[in-house]
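Q: coords below, sequence missing:
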């Protein structure tokens, strides 16, 4: 098992595979973004209660979903780094962290703009909002720990442990609207019995989710490739110094 994982996570193989997938990722991301924005802004109906304000949903909901998806992906990478000690897993977690933080901030920012006309205030200490804010702090804490030690291995280990402990916050975000009486609306897409949302609204939501997923994948590939190239440059310079 360990052999298979190490073979799959080989930096040279990653550089080859990511280079092969980058053009496709760029194309899919651009197409989904363009189509998603078109359907969200021009072809989806207004809400009978929220009016045009409902269009914030097409950014807010996919961003909030991505904030959780990325954190779970980061936790998986951190676990692989802690168990199998593979540097590419730690590198993936390191590169995911700022992207996840950006999506979490976007979710909180757009949620405030959506909440103002709906709730009459920019912010309430709602269970889901508070848990999402905590998720942002977890991302920031992860990034801080990565740079808190002179030894990168200690930073990766400490950040990985924090990431794994913080996973408990993900189900709280997801199910808080079911567990407690909150102002935040209950789930309307991923629920038993199927989505409780009009297909004309579901289409742009799905397209924007794929667009954000493509953007995450694209930036992750670019960041990881940049880190791998930088490490090779550092290794060459060290060889020249000691040679």
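A: Okay, I see it. Being a predicted model, the structure only gives us computed values, none of them experimental.

Q: which element is encountered next along the chain beyond the helix or strand of the chain with the lowest mean pLDDT?
A: In the chain, the helix or strand scored least confidently by mean pLDDT, DSSP states H and E is helix 2-8, which has a mean of 50. Scanning forward in sequence from helix 2-8 by DSSP states H and E, the next helix or strand is helix 11-38.

Q: what's that next one packed up against?
A: helix 199-242 (3 or more C-beta pairs under 8 Å, 6 or more residues apart in numbering; DSSP states H and E). Every C-beta, even on glycine, is put in place using the N, C-alpha and C of the backbone.

Q: residue 106 reaches residue 62, doesn't it?
A: No - counting by C-beta atoms under 8 Å, residue 106 does not reach residue 62; the two are 9.4 Å apart.

Q: looking at these two, which is more packed in?
A: Comparing residue 106 with residue 62 by other C-beta atoms under 10 Å, the one with more neighbours is residue 62, at 26 against 18.

Q: roughly how far is the host helix or strand of the more buried one from the heart of the chain?
A: Element membership of residue 62, judged by DSSP H and E, is helix 57-84. Its chain's C-alpha centre and that of helix 57-84 lie 5 Å apart, by C-alpha atoms, centre = their mean, to the nearest Å.

Q: how about it: buried residues?
A: Judged by neighbour count using 16 or more other C-beta atoms under 10 Å, the buried positions of helix 57-84 are 57-71, 73-82.

Q: for stretch 35-44, same thing?
A: Residues of stretch 35-44 classed as buried by neighbour count (16+ other C-beta under 10 Å): 35, 36, 37, 39, 40, 44.

Q: from those, pick the one nearest residue 218.
A: Closest to residue 218 out of those is residue 36 (15.4 Å), distances taken as C-beta to C-beta.

Q: okay, the closest one and residue 203: tell me how far apart.
A: 9 Å (C-beta to C-beta, to the nearest Å).

Q: check residue 124 too.
A: On the measure of C-beta to C-beta, residue 124 and residue 203 end up 30 Å apart.

Q: now do residue 111
A: According to C-beta to C-beta, residue 111 and residue 203 sit 22 Å apart.

Q: between these two, who's got more neighbours?
A: residue 111 (23 against 16).

Q: which SSE is that one in?
A: For residue 111, the element it lies in under DSSP H and E is helix 87-119.

Q: for that helix, which positions count as buried?
A: 87-97, 99-108, 110-112, 114-115.

Q: same deal with stretch 166-174?
A: Going by neighbour count (16+ other C-beta under 10 Å), the buried part of stretch 166-174 is 166, 167, 169, 170, 172, 173, 174.

Q: roughly how far does the last one sit from residue 131?
A: Remark: distance between residue 174 and residue 131 (C-beta to C-beta) = 9 Å.

Q: low pLDDT regions in the protein?
A: Segments of the chain classed as low confidence (criterion: pLDDT under 70) are 1-9, 48, 178-196, 243.

Q: ok, residue 87 - contacts?
A: Listed by C-beta atoms under 8 Å, 6 or more residues apart in numbering, the contact partners of residue 87 are residue 81.

Q: is residue 122 in a helix, a strand, or coil?
A: Under DSSP: H, G, I helix; E, B strand; the rest coil, residue 122 falls in the coil class.

Q: nearest spatial neighbour of it, skipping sequence neighbours?
A: Sequence neighbours aside, residue 112 is the residue nearest to residue 122 in space, at 4.6 Å (criterion: C-beta to C-beta, 6 or more residues apart in numbering).
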